[in-house]
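Asker: I'll drop the sequence and a predicted model, then ask my questions.
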Amino acid sequence: MEQFQITSRPRHIRYVFFVDESYPYETLLSLIHVNQSIWGGRYNPIVPVKDNIVTDRWNEILKYYDPDFVFYSKEIDPEIIKRLRIFNPCGYYNLDEQPRREDISGVSGFYFLSEFHVKSKIILTAETWKIESPLLSYYKINYGFETSLMHHEVELTKDFDRKIVGQKEFSELNKLIAELRPINQSHLSRKNLNTSILRSKNYTGNYHFELVIAKDKTSNADLFYFWNRMLFELRNIMYVTVEELELLCNDEYFGEVLYDMDWDNSILVTSESLTKEEIQNIIENRLKKTKANRRFENGQNEKFPFEVLDAHGLFERNFGEDSTVQTLHSRSGLFHLPKLSFTNKVGFYPQKWVVDIQIKKLGNNYQNEFKLPFTTETQYIVKGVKGRINHRRNISVFIHNQQTTSDTLEVYIPEFRNLLRQLLSRPVIDGESKDTKYIDSGLHDDSNKLTAFLKIFNYDFLAIDDFFSDKFWVTIFEELATSNKASGDSISLDEILEKCRIALAEKQIVQLDENRKLAGKKGETYKNEENLELGIKQTIKELCDYKVFLKGFNFKCKHCSSQFWYHINEAKEIVNCKGCLEDFPFPIEPKFAYKLNDLIKNNILKVHHENGKLIIRRDGNLTVIRTLVSMQGKSHQSFFYSPQLNLYYSCHTNKPCAELDIICLSDGQFVIGEAKHDSRAFSADSNKALLSLVEIAKAIRPDKIILTCYEDHNTKLEKAKKYLEGKFYKNPYAPEIEVWQLHTPDDFHLGRHRYFYF
């Protein structure tokens, strides 16, 4: 019975916004306010773009983010974002489109009030939109105050010590903040994070409080800095214009507010629009005259965004929501949604959050995680909800408080062959499903042979790699596959031992005595005759268990003197000769003879007659098999594969339109490729195989294309790679292209555990 472990964790929705530098100031301010009102929104990057160019420094920063949605302002071409190839969101949406195709939503930060004591103070603002004050935007951006009283705010704060500020009390708002020390509503969006917070390589003010001062509202540079500075380690930050600061510094309580915002005894003052001298003048003539009792430092620093210190930034914050583990006893069942820690029920207006789902198959195989390519349609796996594949190649699904009314979701974990149909015929690209012309796929003779070969080895890729990279055993397999002996392709233990002694002596691993036996004595070295015989017997047993070798006997008929191999099940008291068909008695104490299974022979060599001559060629199947073995060895958490596939344009024809030799998922990466024994075959028929790969890749968007061969003539393998790269030149969605020359069997394993038993 198959069992699957499902680990799930709720988190906030992650957004990334690309905004033109000339974006309207008030509109940008509103975007900031929307983000800091929702769970996790304070850490959604808002990236400035100039002339449709995203700077290299920002490209480096964005690699650490995995947004669920990407928004862009109307001046920006979304293709420049897609070509970065660092996101796999549910979609790319125009921020200024009316009506917008997707809302910026999440869970209201007010639900986190449940984590505070009911005696905590909180301030709400009502009808302040009627007030004409330059400080309205200051309170909005730094404290999250709305200009109107919202219904959900009233309901979620009714049990707290609440103060509602209207038009009359607005002039005393700074005093109320200083005296009540209320919960800062804009800080609620910073709780229970599941996002990356970076560390700067050169700037060390990670635990300071920064005061960002903008010259005026004609430039967005300071707003961009204020918002994105929190992407790096920082204790606290506040934004104010020079005009607002003039008014605030005349308020006797502003100094107390600054004092409460920091506990490090110093406040860094920074600006993108003011010079260092202008900042120093503000510090001396304005800030130092407040009752802040803090040291103000001129904090002008290096160009933002900073260079990242860590190779991977910082790990996602683990003080967010807890993970929940469940077990499914089949490939389908009900999955119980994990609860949010800070509320039992999300109500009021439409709100959304995300559940990240990791699936593992329980068993002995270490590569048991269900990692998936970005082109996977998640609704085939988790039914009834929209989702995507995140950067960790796991599933993220979106929970809507008004649409997902049940506590469970239906889950179906498909076999790889079923998942492959969707990846080939209807991949998800940039958040949308795209139909390809490959509406069907199927196996053929070579793929059936490959499947049978792997089944013989019980799908043990490590065993296949051990035997087919070992020159000694490969040589024996090939000799048996091409044998013209009367007894057919069989070999005895004594013959194997004799070949092994010679091979060991030639490599100077052992020395032979005058009787051509191992000279080593038992008790002096493990490389002795007894241990060799025990080791080879153990290896033959393993090959027999796999049914690579079939047990039997070589019998010589006493009537016609013909010698034939008989399977152990054919050996009876009276044996019937396969030549003259006469009966003869079973010989006394015959020695075992081991015959190579035809399935092995058919996958490693092609033997046929041509113009009266015996022609022996390497079979391409072994190249495919060893490529899959190598790919599995390079995979760390997850590996799925398919034998070779024919692709079809129509369900009503038997004629394939294309063929794939290599199809697999390696740690969630979708890999396709071509395997040839001889690299010259890649350029055969005017590069037919390579052109077919290009056509398929442009339709299904794999992560990687791989070309492999055993023999490389005149660097044809590298030339094939360059040919593919040329076909994807300037293609923004070009897959990674790798070439492997499979190493020929060698003597690395000779004399090791499969040879000497001790």
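Answerer: Right, received. Where do you want to start?

Asker: can you pull out the strands in the stretch 51-200 of the chain?
Answerer: 69-72, 92-94, 121-125, 161-165 (DSSP state E, counting those that start in this stretch).

Asker: Only C-alpha atoms, please: export the first one in CSV.
Answerer: Once side chains and other backbone atoms are set aside, the C-alpha atoms of strand 69-72 remain, and they are given as CSV (Å, rounded to 0.1, in the frame of the first residue of the first chain):
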residue,chain,number,x,y,z
PHE,A,69,1.7,37.5,-8.2
VAL,A,70,3.7,40.1,-10.2
PHE,A,71,2.2,43.5,-10.9
TYR,A,72,3.6,46.2,-13.2
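
Asker: Direction included, what does it pair up with?
Answerer: Under the criterion DSSP bridges, strand 69-72 sits next to strand 15-20 (parallel), strand 92-94 (parallel) in its sheet.

Asker: Next: the last one.
Answerer: Strand 161-165 has these partner strands in its sheet, going by DSSP bridges: strand 121-125 (parallel).

Asker: The strand it pairs with: how far from the chain's middle?
Answerer: 44 Å (C-alpha atoms, centre = their mean, to the nearest Å).

Asker: Numbering from 38 from now on, please.
Answerer: Okay, using 38 as the starting number, the last item reads as strand 158-162.

Asker: and for that strand, what are the contacting residues?
Answerer: By C-beta atoms under 8 Å, 6 or more residues apart in numbering, the surrounding residues in contact with strand 158-162 are 150, 176, 180, 182-184, 186, 190-191, 194, 197-203, 207, 210, 213-214, 217-220, 222. Any C-beta I mention is one placed from the backbone N, CA and C, and that applies to glycine too.

Asker: Distance of the closest residue to Ser303 other than its chain neighbours relative to Ala489?
Answerer: Nearest residue to Ser303, sequence neighbours excluded (C-beta to C-beta, 6 or more residues apart in numbering): Arg332, at 4.4 Å. Separation of Arg332 from Ala489 (C-beta to C-beta, to the nearest Å): 78 Å.

Asker: again, but for Phe411
Answerer: According to C-beta to C-beta, Phe411 stands 33 Å off from Ala489.

Asker: Looking at these two now, which is surrounded by more residues?
Answerer: Between Phe411 and Ala489, counting by other C-beta atoms under 10 Å, Phe411 is the more crowded of the two (20 against 16).

Asker: phi, psi of Pro375?
Answerer: Note on Pro375: backbone dihedrals following degrees, to the nearest 10 are phi -70, psi 150.

Asker: so how far is Asp393 from it?
Answerer: From Pro375 over to Asp393 the distance is 10 Å, taken as C-beta to C-beta.

Asker: joint contacts of these two?
Answerer: Common neighbours of Pro375 and Asp393, using C-beta under 8 Å, 6+ apart, are 45-47.

Asker: Please work out which of the strands paired with strand 106-109 is packed deepest.
Answerer: Mean neighbours per residue, mean count of other C-beta atoms under 10 Å, is largest over these for strand 52-57, with a mean of 23.

Asker: List the contacts of Glu567.
Answerer: Taking C-beta under 8 Å, 6+ apart as the test, what Glu567 contacts is Lys559.

Asker: mind putting the shared contacts of Pro375 and Asp393 in a markdown table, neighbour count, pLDDT and distance to Asn318 included?
Answerer: Formatted as a markdown table, those follow (neighbours: other C-beta atoms under 10 Å; pLDDT from 0 to 100; distance: C-beta to C-beta, whole Å):
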| residue | neighbour count | pLDDT | distance to Asn318 |
| --- | --- | --- | --- |
| Ser45 | 22 | 96 | 55 |
| Arg46 | 16 | 95 | 50 |
| Pro47 | 23 | 96 | 49 |
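
Asker: hang on, the earlier thing: want to throw the strands of the stretch 88-237 of the chain into JSON lines with mean pLDDT?
Answerer: Formatted as JSON lines, the strands of the stretch 88-237 of the chain follow (pLDDT from 0 to 100):
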{"stretch": "strand 106-109", "mean pLDDT": "98"}
{"stretch": "strand 129-131", "mean pLDDT": "97"}
{"stretch": "strand 158-162", "mean pLDDT": "94"}
{"stretch": "strand 198-202", "mean pLDDT": "94"}
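
Asker: With respect to Asn438, which of those strands lies nearest?
Answerer: strand 106-109 (17.4 Å; C-beta to C-beta).

Asker: I would like the residues contacting that closest one, please.
Answerer: By C-beta under 8 Å, 6+ apart, strand 106-109 touches 50-56, 86, 115, 118, 124, 126-132, 139, 141.

Asker: now do stretch 54-67
Answerer: Taking C-beta under 8 Å, 6+ apart as the rule, stretch 54-67 contacts 68, 81-87, 91, 107-110, 112-113, 118, 132, 174, 177-178, 254-258, 260.

Asker: Restrict the residues you listed to the buried ones and give me that as a ChimeraX selection.
Answerer: The ChimeraX selection below is limited to those of those classed as buried (16 or more other C-beta atoms under 10 Å):
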select :68,81,82,83,84,85,86,91,107,108,109,110,112,113,118,132,174,177,178,254,257,258,260
